[in-house]
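1. quick one: sequence and predicted model below, then my questions.
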Amino acid sequence: MRPFAILLGVLTAVGLLVLGIAGLGTSEREPGRGPVARGTPATPAPAVPAEADPAAWAADRADAVGIPERVLAAYAAAELAQRTATPGCNLSWATLAGIGRIESDHARIHGSSLVDGVAQPAIVGIPLDGSSGTREIADTDGGTLDGDPTYDRAVGPMQFLPQTWERFGRGDPQDIDAAARAAAAYLCTADRDVADGAGWWDGVLAYNRSVAYAQRVWAAADRYASAASPA
């Protein structure tokens, strides 16, 4: 595992989201399969039923998909909430899981774990000081979220910048439920339909403007969707 590194800097004029880690061990590709082409639709994943309890739904699937039960429940709950808020977005828990895998290994990066749903120790990226291929981003929150009064850092299991969290988040970005809901809200902006190939890639590339990053997210999401689908 390479160090916890921000990849390719901050992305849009409003300074939205930054990738928190450069990669997690081996590639997310299946053996013998290269990166998918940009625009490839996401693999459909079984939807979380509207009447489902996210915790119970996750308990039945966590082992099969290889995601910690508590984290999977947060992704499922975020899918349900976003489906109500923006039904035309068609966001799947599997896409959130793909992002969560690449950003923080589902809140487990560098020995972190969830305690009552909150990442401890807190997950905080490197300072965006213009080094290591990052864009320089001066502090925007007085260090309130990231502990850095000089430069901004990405925070939490889904790796939000403080200024982005102010727009999309509620509560604590280290809280997996809050982080998953904020990521869902962000992906579903601009009237995106992420069941469509173009919409999915637009959303994930807005999260991080790296095609290689989006390919890793796609591969992880594909693996989760396939593992959760009936044989």
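-> Received the coordinates, thanks. Numbering: from 1, shown residues only.
2. which residues in this structure form strands?
-> Under the criterion DSSP state E, strands of the chain are mapped to 113-115, 118-120.
3. and those strands: which comes nearest residue 38?
-> Distances from residue 38 to each of the strands of the chain were compared by C-beta to C-beta, and the smallest falls on strand 118-120, at 31.1 Å. Quick note: C-beta positions are derived from backbone N, CA and C, even for glycine.
4. what's that closest one in contact with?
-> Contact with strand 118-120 is made by 104, 107, 112-114, 156-157, 172, 174-176, as judged by C-beta atoms under 8 Å, 6 or more residues apart in numbering.
5. any weak-confidence spans in the protein?
-> 1-33, 231 (pLDDT under 70).
6. could you pull out the helices for it?
-> Along the chain, the segments classed as helices by DSSP state H run 54-65, 69-85, 93-104, 162-168, 176-187, 197-207, 211-228.
7. would you mark the buried spots in the second one?
-> Read it as helix 69-85. Applying a neighbour-count criterion of 16 or more other C-beta atoms under 10 Å, one finds 70-83 buried in helix 69-85.
8. want to try a markdown table for those residues, with distance to residue 185 as columns?
-> Conversion of the buried residues of helix 69-85 to a markdown table gives the following (distance: C-beta to C-beta, whole Å):
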| residue | distance to residue 185 |
| --- | --- |
| 70 | 21 |
| 71 | 18 |
| 72 | 19 |
| 73 | 18 |
| 74 | 14 |
| 75 | 14 |
| 76 | 16 |
| 77 | 13 |
| 78 | 9 |
| 79 | 12 |
| 80 | 13 |
| 81 | 9 |
| 82 | 7 |
| 83 | 12 |
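9. still on that earlier bit, CSV for the strands of the chain, including distance to residue 212 and mean neighbour count?
-> Putting those into CSV (distance: least, C-beta to C-beta, whole Å; neighbours: other C-beta atoms under 10 Å) gives the following:
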stretch, distance to residue 212, mean neighbour count
strand 113-115, 28, 14
strand 118-120, 25, 19
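10. dump those to JSON lines, plus distance to residue 187.
-> As requested, those are exported to JSON lines (distance: least, C-beta to C-beta, whole Å):
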{"stretch": "strand 113-115", "distance to residue 187": "22"}
{"stretch": "strand 118-120", "distance to residue 187": "20"}
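11. circling back to that earlier point, and the helices of the chain, which is most packed in?
-> Looking across these with neighbours counted as mean count of other C-beta atoms under 10 Å, the highest average goes to helix 93-104: a mean of 29.
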